[in-house]
Structure formats: C-alpha cells, structure tokens
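1. Fold the following, please.
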Amino acid sequence: MATQYGDIVGIKWLREDPSGSGQCLVEVAFTMPAYTASTDNGQLGGNSSAGTLHGAASDTLVTILQNDRRDGKTVALSGISTAVAVVASPGLQGSTRFYINTPAVSSSNLTFNLSSSTGTEIDAASGVSDEPINIALAVSLT
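-> Purely as a prediction, here's the structure:
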C-alpha cells in the first residue's frame, strides 16, 4: 500500500479548553495528490521529505502544528482515539466531493482513506485540489 501525503495549505486554531485541561481544536486544510482507493492511504505529516506545508517539504504533523503556534507549547496526538478528526468541509475535484474516512493517529501523524459522502473509499485520479479538504482535529497541549 502506498502512502500519499497531503499538502497542508492552512491551519486555524479554533478553540482551547478554558478550564486549562490542555485539549484544543484545530482546523487543518489540505490538498491531496492522485489517490487510488485499492492501493493507497493518505497521511498528513511525515518526515522531512514527505509531509508538506504549502508545497515545501516539512515534518511530522505534530511538529507542523507546534511550529504554527509559536508559543512553545508541545502538541500531542497520542492518547486520542481514532475519532481524532472529523470533516469540517469536504474537498472538491471537478464535481466530486472528497471526505476523510477511518482517521487514525500513526506516530505523530494522521492517516486516513479518501471516501465519498457514503463513506466508501474512492479514487481521486487527479488528486483533490480544486477545494481543499478541511478537518477539525483534536490535540493536546502541554
């Protein structure tokens, strides 16, 4: 199975828990390269040669988010369930809407499949770039 790395094109910090528990909600917008449902899975973040931010090679999703905050807090995905991310708005390529399906934390990154609105995994032959996929992601801050 090949990993197709999403290109993060926007990060918006939505809410921090006012009780100080360290839970936070962040919206991440990303595009995807060509994706074949039968052989590929998607990933946000990776290593310095794979995960991208605005088209440039970057780092793990956790490091990308930490660097975006610029307040010295540590971001963690660990300990969060597989329901870590939900679609805030689907991506669009041509007339097809794309969603994430089966999101899961893999090390310091997020893995997923691309699906239709019915939750069925589908091909994105030319990628997803007309409109980015936007997800709401739960993270912990320390």
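
2. Adjacent strands (with direction) for the lowest-mean-pLDDT helix or strand in the chain?
-> Taking mean pLDDT, DSSP states H and E as the measure, the chain has strand 56-57 as its least confident helix or strand, at a mean of 76. Using DSSP bridges, strand 56-57 pairs in its sheet with strand 52-53 (antiparallel).

3. thinking again about what came up before, helix or strand right after the least confident helix or strand of the chain?
-> helix 61-69 (DSSP states H and E).

4. The helix or strand that that next one is followed by packs against which elements?
-> Using DSSP H and E, the next helix or strand after helix 61-69 towards the C-terminus is strand 75-76. Contact partners of strand 75-76 among helices and strands, from 3 or more Cβ pairs under 8 Å, 6 or more residues apart in numbering; DSSP states H and E: helix 61-69, strand 128-141. Quick note: C-beta positions are derived from backbone N, CA and C, even for glycine.

5. quick one, which of these is nearest to residue 4?
-> strand 128-141 (10.0 Å; Cβ to Cβ).
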